[in-house]
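# Fold the following and give me the result.
(chains A and B)
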2 protein chains.
Amino acid sequence: MKTYEIRHEVGIKASLEAVYEALTDTKKLAGWWTSDTRGNGSEVGGILEFWFGDSCHKFEVAELQAGKFVRWKASKEDSVWEWVGTEVAFSLRANEEQCYINFSHSGWRQDNGVFPHSSTKWAVFMLSLKDFLEKGKGQPAPNDVEINHD
Amino acid sequence: MKTYEIRHEVGIKASLEAVYEALTDTKKLAGWWTSDTRGNGSEVGGILEFWFGDSCHKFEVAELQAGKFVRWKASKEDSVWEWVGTEVAFSLRANEEQCYINFSHSGWRQDNGVFPHSSTKWAVFMLSLKDFLEKGKGQPAPNDVEINHD
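Just a heads-up that it's a prediction; the model follows:
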């Protein structure tokens, strides 16, 4: 079955350790994606819940490599059915200047509907993560940058 | 051959006509992507050049449907070799609230290298286009939002 993938990349002036922490520590996750983040992102098998009002993106932590790689698997209970079966991954690398986050959200069964919306929104949140790490303050939901008027 | 695609969607409070104009009028294109935009975007077969310092994204206008659809084909002379052979398309639809732009950049031969960077950057420019139309001022290059420190 053909699947579709969202990809992004940002470069952040922060250490690999700091970026990894912002992707695995529940309180820090709440600093850039959604303020209402619950669960445990620092152990494989941990459950992470990202709440947006009454809607929840729910993941199991599938893979962790400290300072290098984070992968989450969307739960069957995700509020957005298009996300069920998808995976989110963050791959980290650094040079002297910065740390790069190579982001993917893969396993989409269709590239219409919520897919292009999610792609743009992930870019917004990658920039929120960048601000969180570089400026000490991100723009997590519900104070995130709006991309439409829905 | 497998190819890869960047997708985005934004919702803008503007008429289909105004959005279409911002995608076809050279002066308006300069208001949201890059200030140094040259050529003719309002006729099929027209050549559009988007300059970023010494680097140029060069396209031929491949398809136009007023108020509905715009498609550009990257030139063999594009400064970024990964862009050669790719196509950029904007599909418009409106409801009572807003006009949606469904964006695609298709025909990529690889999903690494400049691909994820371009994906994030297109989101930045879609939001610049949104600001251009809603607030009267976008953030075209060289005053665009930086996504890394290169």
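# how about the helix or strand A:Trp122 falls within: buried residues?
In this structure, A:Trp122 sits in helix A:114-135 according to DSSP states H and E. Buried residues in helix A:114-135, counted by 16 or more other Cβ atoms under 10 Å in any protein chain shown: A:115-130, A:132-133. All C-beta atoms are positioned from the backbone trio N, CA, C, and that covers glycine.
# So which of the residues you listed reach chain B?
With Cβ under 8 Å from any Cβ of the partner chain as the criterion, the buried residues of helix A:114-135 include A:Phe115, A:Pro116, A:His117, A:Ser119, A:Thr120, A:Ala123, A:Val124, A:Met126, A:Leu127, A:Lys130 near chain B.
# And these, which is closest to A:Glu97?
A:Lys130 (13.8 Å; Cβ to Cβ).
# I'd say the closest one and A:His8 touch.
No - the criterion here is Cβ atoms under 8 Å, and A:Lys130 misses it with A:His8 at 10.9 Å.
# returning to that earlier point: can you show me the CA trace of the helix holding A:Trp122 as CSV?
Coordinates of each C-alpha in helix A:114-135 appear next as CSV, following Å, rounded to 0.1, in the frame of the first residue of the first chain:
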residue,chain,number,x,y,z
VAL,A,114,-5.9,16.6,7.1
PHE,A,115,-2.5,15.7,5.5
PRO,A,116,-1.5,19.0,4.0
HIS,A,117,-2.9,20.8,7.0
SER,A,118,-0.8,18.7,9.4
SER,A,119,2.3,19.3,7.2
THR,A,120,2.0,23.0,7.6
LYS,A,121,1.2,22.8,11.3
TRP,A,122,4.2,20.6,12.0
ALA,A,123,6.4,23.3,10.4
VAL,A,124,4.8,25.8,12.8
PHE,A,125,5.6,23.5,15.8
MET,A,126,9.1,22.8,14.6
LEU,A,127,9.7,26.6,14.7
SER,A,128,8.0,26.7,18.1
LEU,A,129,10.5,24.1,19.3
LYS,A,130,13.3,26.2,17.8
ASP,A,131,12.1,29.3,19.8
PHE,A,132,11.6,27.2,22.9
LEU,A,133,15.2,26.1,22.8
GLU,A,134,16.8,29.3,21.5
LYS,A,135,14.7,31.9,23.2
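# Flag every residue of chain A that's near chain B.
Applying Cβ under 8 Å from any Cβ, we find that chain A lies next to chain B at A:4-13, A:97-98, A:100, A:102-104, A:111, A:115-117, A:119-120, A:123-124, A:126-127, A:130, A:145, A:147-150.
# Which parts of chain A are helices?
A:16-24, A:26-29, A:114-135 (DSSP state H).
# Show me how far stretch A:141-150 is from its chain's centre.
Offset of stretch A:141-150 from its chain centre (Cα atoms, centre = their mean, to the nearest Å): 16 Å.
# what's the answer for stretch A:8-19, then?
Centroid separation for stretch A:8-19 versus its chain: 13 Å, with Cα atoms, centre = their mean.
# now do the same end-to-end measure for that stretch.
Counting by Cα to Cα, to the nearest Å, you get 15 Å between the two ends of stretch A:8-19.
# For that stretch, buried residues please.
Neighbour-count burial for stretch A:8-19, counted by 16+ other Cβ under 10 Å, picks out A:His8, A:Glu9, A:Val10, A:Gly11, A:Ile12, A:Ala14, A:Val19.
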